[in-house]
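1. got a structure for you, letters missing:
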Ligand code: PGA
Ligand code: ZN
């Protein structure tokens, strides 16, 4: 036994931001205690690691008692006594214990909760802040804030899921947050004027969910809000189409039915008309040809992000690298299920010229692990929703605390 050997592991359920249960795990080692809570997506990729749910009557099937039991009865005995600082060995032990390719046996939610809690405990044992423990970069990311919600995150007719603002010219992270908050509130005033109070109900990620049906209308309003604040030179736009959600039998329903070629032409037209710098999940998760085509057509000047396409999985990223699909990956630790694998896929991106954007999930908690992860990996980009709702602001507030603590040692990422 080392003096940082794991001596205790507990797990319990907590509620996520949509009111569904999720797992919180706590790991004790060397007298240090660390906890972590895992998030949960709605527009999930089919190749994501398995989120284990009870599928019985409790919580309409969403209970996590089996996953919790897997932590206490299976995982705990297997990793007890291991050095909590040896993240790779701990994660490997859990992978071996699970024995499936997609964590279907123990559940990626069970495994990730323990994986992240181990990192927190190890950071404490090492007397380091989490970001300093996780990596040696000190880069504050540009926040991509989803200010108008659509798709499966909102009850409106917007097919495109996320309309984001990215303050790429901000000189500091705190300044970036201020700019986004100001634009968010100007947008709120514009929407109230046009739709009254129902126009400013918010969606799952804290962005407004107004009764709009076209992305152009949403982008026009956002551009207006940016201009009213005088941020036209420093703030750009980004989209997450989450196109799997409006794809049926080879066609995309976006107002009317589009072929792949028509959808690509539509993105080209949007990119010509608006200051868009990044488009995520432009095509459905199995439409590799679509991703290859848009990367070829727009990849030189736009970031083309794979989320449901790659699901933070190195094997799928490899296929993307080989085939020229996308030039960036969305990094969601719970899509793959261990911290080690999430960090490896980020490294693989760096080695192959792919950018990385660290991401929350639409169902999230106030755990801000991804804030520290983004700084430590130096990804330069994070998306964590609007500057609204506690589980979203938890990430941004943590990043501001990190920036203040780092002082002159922090560099603000610039994407210009
Ligand atoms: P999800 O949405 O968490 O519901 O998957 C976020 C995204 O698609 O990026
Ligand atoms: Zn996405």
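-> The structure has been received and is ready for your questions. This is a predicted model, so every value here is computed, not measured. Residues are numbered from 1 along each chain as shown. Ligands and ions are numbered 1, 2, ... in the order given.

2. What average pLDDT does stretch 380-394 get?
-> Stretch 380-394 carries an average pLDDT of 98.

3. do stretch 171-179 as well
-> 98.

4. and it, which residues are buried?
-> Going by neighbour count (16 or more other C-beta atoms under 10 Å), the buried part of stretch 171-179 is 173-174, 176-177, 179. C-beta: built from backbone N, CA, C; applies to glycine.

5. swap in stretch 190-197?
-> 190-191.

6. now what about it, what contacts it?
-> 199-200, 208, 210-211, 221, 224-225 (C-beta atoms under 8 Å, 6 or more residues apart in numbering).

7. Same question for stretch 64-81.
-> Here stretch 64-81 has contacts from 1, 5-7, 9-13, 21-23, 25, 52-54, 58, 90, 93-94, 97, 106-107, 109-111, 113-114, using C-beta under 8 Å, 6+ apart.

8. And stretch 318-328, by the same measure?
-> 278, 288, 291-292, 295-296, 299, 303-306, 309-310, 329, 348-349, 352-357.

9. How far off centre is that stretch?
-> Centre-to-centre, stretch 318-328 and its host chain are 19 Å apart (C-alpha atoms, centre = their mean, to the nearest Å).

10. Do me a favour and get the end-to-end distance for that stretch?
-> 12 Å (C-alpha to C-alpha, to the nearest Å).

11. is that stretch anywhere near ligand 2?
-> No: using C-beta under 5 Å from the ion, no contact is recorded between stretch 318-328 and ligand 2, whose separation bottoms out at 11.7 Å.

12. Report the buried residues of that stretch.
-> 320-321, 325-328.

13. anything in that stretch sitting right up against ligand 1?
-> No: judged by C-beta under 6 Å from any ligand atom, stretch 318-328 stays clear of ligand 1, getting no closer than 12.5 Å.

14. any idea how far residue 65 is from the residue of the stretch 101-250 of the chain found nearest ligand 2?
-> Minimum separation of the stretch 101-250 of the chain from ligand 2 (C-beta to the ion) falls at residue 240, amounting to 4.3 Å. Between residue 240 and residue 65 the computed distance is 32 Å (C-beta to C-beta, to the nearest Å).

15. again with residue 43
-> Relative to residue 65, and taking C-beta to C-beta, residue 43 is found at 26 Å.

16. try residue 221
-> 44 Å.

17. can you check residue 383 too?
-> Distance from residue 383 to residue 65, by C-beta to C-beta: 31 Å.

18. Name the residue in those two with the higher neighbour count.
-> residue 383 (30 against 15; other C-beta atoms under 10 Å).

19. if I read this right, that one contacts residue 356, doesn't it?
-> No: contact criterion C-beta atoms under 8 Å: residue 383 and residue 356 do not qualify, at 11.4 Å.

20. What about the residue most central in space within the chain? Give its phi and psi, please.
-> For the chain, the residue nearest the mean C-alpha position is residue 359 (1.7 Å; C-alpha atoms, centre = their mean). Phi and psi for residue 359, reported as degrees, to the nearest 10, are phi -140, psi 150.

21. So for the residue of the chain found nearest ligand 2, what pLDDT did the model give?
-> Residue of the chain nearest ligand 2, by C-beta to the ion: residue 307 (3.5 Å). On pLDDT, residue 307 comes in at 98.

22. in terms of contact, does it touch residue 281 like I think?
-> Yes: Residue 307 lies in contact with residue 281 (C-beta under 8 Å); the separation is 4.8 Å.

23. those helices in this structure, which residues are they?
-> 65-69, 76-79, 87-98, 108-125, 130-134, 173-195, 215-228, 260-273, 288-298, 314-323, 333-336, 339-351, 369-377, 390-406 (DSSP state H).

24. so the fourth one versus helix 87-98, what angle?
-> When you say that, I think you mean helix 108-125. Orientation check (axes from the mean of the first three to the mean of the last three C-alpha atoms, to 10 degrees): helix 108-125 against helix 87-98 gives 160 degrees.

25. likewise the last one?
-> Angle, helix 390-406 to helix 87-98, by the same axes, to 10 degrees: 150 degrees.

26. Against which helices or strands is helix 390-406 packed?
-> strand 139-140, helix 173-195, helix 369-377 (3 or more C-beta pairs under 8 Å, 6 or more residues apart in numbering; DSSP states H and E).

27. Same list, those, but as CSV with distance to residue 410 please.
-> Listed next are the helices and strands packed on helix 390-406 as CSV, based on distance: least, C-beta to C-beta, whole Å:
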stretch, distance to residue 410
strand 139-140, 5
helix 173-195, 8
helix 369-377, 8
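
28. of all those, which lies closest to residue 47?
-> helix 369-377 (20.6 Å; C-beta to C-beta).

29. For residue 301, list the residues it contacts.
-> residue 271.

30. Let me know the distance separating it from residue 231.
-> 21 Å.

31. How about residue 57?
-> 50 Å.

32. same thing with residue 95?
-> 45 Å.

33. Those residues of this protein touching ligand 2, which are they?
-> So the chain meets ligand 2 at 240, 280-281, 307 (C-beta under 5 Å from the ion).

34. Out of those residues, list just those in strands.
-> 240, 280 (DSSP state E).

35. For residue 261, which non-adjacent residue is closest in space?
-> residue 293 (7.9 Å; C-beta to C-beta, 6 or more residues apart in numbering).

36. Does that neighbour touch residue 259 like I think?
-> No: the criterion here is C-beta under 8 Å, and residue 293 misses it with residue 259 at 11.4 Å.

37. the more surrounded of these two?
-> Legend: neighbour count by other C-beta under 10 Å for residue 293 and residue 259, higher for residue 293 (21 against 12).

38. Ramachandran angles for residue 80?
-> Dihedral angles for residue 80 - degrees, to the nearest 10 - are phi -60, psi 140.

39. okay, now it: neighbour count?
-> Counted with other C-beta under 10 Å, residue 80 comes out at 14.

40. now do residue 378
-> Residue 378, neighbours per other C-beta under 10 Å, totals 18.

41. got it, and residue 107?
-> Counted with other C-beta under 10 Å, residue 107 comes out at 27.

42. Same question for residue 353.
-> 9.

43. Skip the chain neighbours and tell me the closest residue to it.
-> residue 327 (7.3 Å).

44. just to revisit the earlier point, can you say which of the contacts of stretch 64-81 are buried?
-> 6, 9-13, 21-23, 25, 52-54, 90, 94, 97, 106-107, 109-111, 113-114.
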